[in-house]
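**Student:** sequence and predicted structure, then a few things I'm wondering about:
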Amino acid sequence: MTEAVQADLEAIYQFLGCRTPEAWIKSAMENLPILLIDHAQCEKKAASTAMSMMYRYVDKPELLAKMSKLAREELVHFDQVLKIMKQRNIDYGHLSAARYAGGLHQHIRKQDPGMLIDKLIIGAFVEARSCERFAALLPVLDDELAAFYRSLLKSEARHFRDYLKLADLYTEEPLVDRIQYFREVENYLIESGDTEFRFHSGILQ
């Protein structure tokens with residue numbers, strides 16, 4: 001792992017406030033097909049989220065540029081996951097959504113500019129957690145998957161920073177309190193018990 005990626009991870013660890021529990025990593029190894037299927041869905045959803053923001057906020061050129069690039073990259077990652085799944089004879093099918101995204105989005109304010117700021121902060125948390133989980137999985141994955149997830153670390157770390165930069169650009173108030181609010185929500189979703197395994201699930205019970 002390069003020094004630059006390690007520095008990105010240190011920033012992500014500080015931003016998130018908690019690491020992925022070992023129990024989740026154990027569940028990931030026991031549910032590898034589900035991990036890959038849900039990872040593909042997460043990449044597709046990330047692209048969809050970016051496109052949705054582009055449609056809603058057409059008057060914000062900085063957002064349009066960042067989200068356009070992010071959407072394209074996420075769809076490339078989606079294709080890459082599908083390719084790995086095909087090689088492993090894992091069929092891509094529908095999975096019910098994890099509680100993670102819904103648990104974060106239910107706290108979004110109803111009116112702009114607060115709604116936009118909250119969406120951007122949540123985007124930063126989702127990308128940061130994805131990056132942290134890629135790193136957490138590296139020691140236990142087979143060589144092919146470890147190499148793939150290692151390759152995603154740099155782009156996911158950049159996405160996390162892009163969301164925060166946009167939030168800082170468009171905010172009318174300090175971000176620190178709102179970030180801390182969502183940090184506490186996100187930490188609860190990661191560290192508490194969950195009923196089904198997903199890429200962003202909590203601890204499987």
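**Tutor:** Now that the structure is in, tell me what you want to look at. Quick caveat: nothing in here was measured; it's all calculated off a predicted structure.
**Student:** and the helices in this protein?
**Tutor:** 3-16, 22-30, 32-56, 61-87, 99-105, 114-137, 143-170, 176-191 (DSSP state H).
**Student:** for G193, see how far away the nearest residue to K66 once chain neighbours are set aside is.
**Tutor:** In this structure, K66 finds its nearest non-sequential neighbour in D162, 4.8 Å apart by CB to CB, 6 or more residues apart in numbering. Backbone N, C-alpha and C define where each C-beta goes, glycine included. The gap separating D162 from G193 is 32 Å, by CB to CB, to the nearest Å.
**Student:** out of the two, which sits in the busier spot?
**Tutor:** Between D162 and G193, D162 has the larger neighbour count (other CB atoms under 10 Å), namely 22 against 10.
**Student:** what count of nearby residues applies to F197?
**Tutor:** Residues near F197, counting by other CB under 10 Å, number 19.
**Student:** would you confirm that it contacts P33?
**Tutor:** No - at 10.5 Å, F197 does not count as touching P33 under the criterion of CB atoms under 8 Å.
**Student:** what's E172 sitting at in phi/psi?
**Tutor:** Main-chain torsions, E172, degrees, to the nearest 10: phi -110, psi 10.
**Student:** OK, contacts around it?
**Tutor:** P113 (CB atoms under 8 Å, 6 or more residues apart in numbering).
**Student:** tell me the pLDDT at V5?
**Tutor:** Note on V5: pLDDT of 81.
**Student:** quick one: D162 and G93, what's the gap?
**Tutor:** Going from D162 to G93 by CB to CB gives 31 Å.
**Student:** for K44, that is, sorry about that
**Tutor:** K44 is 13 Å from G93, where distance means CB to CB.
**Student:** neighbour count: the two, which is higher?
**Tutor:** Between K44 and G93, K44 has the larger neighbour count (other CB under 10 Å), namely 18 against 7.
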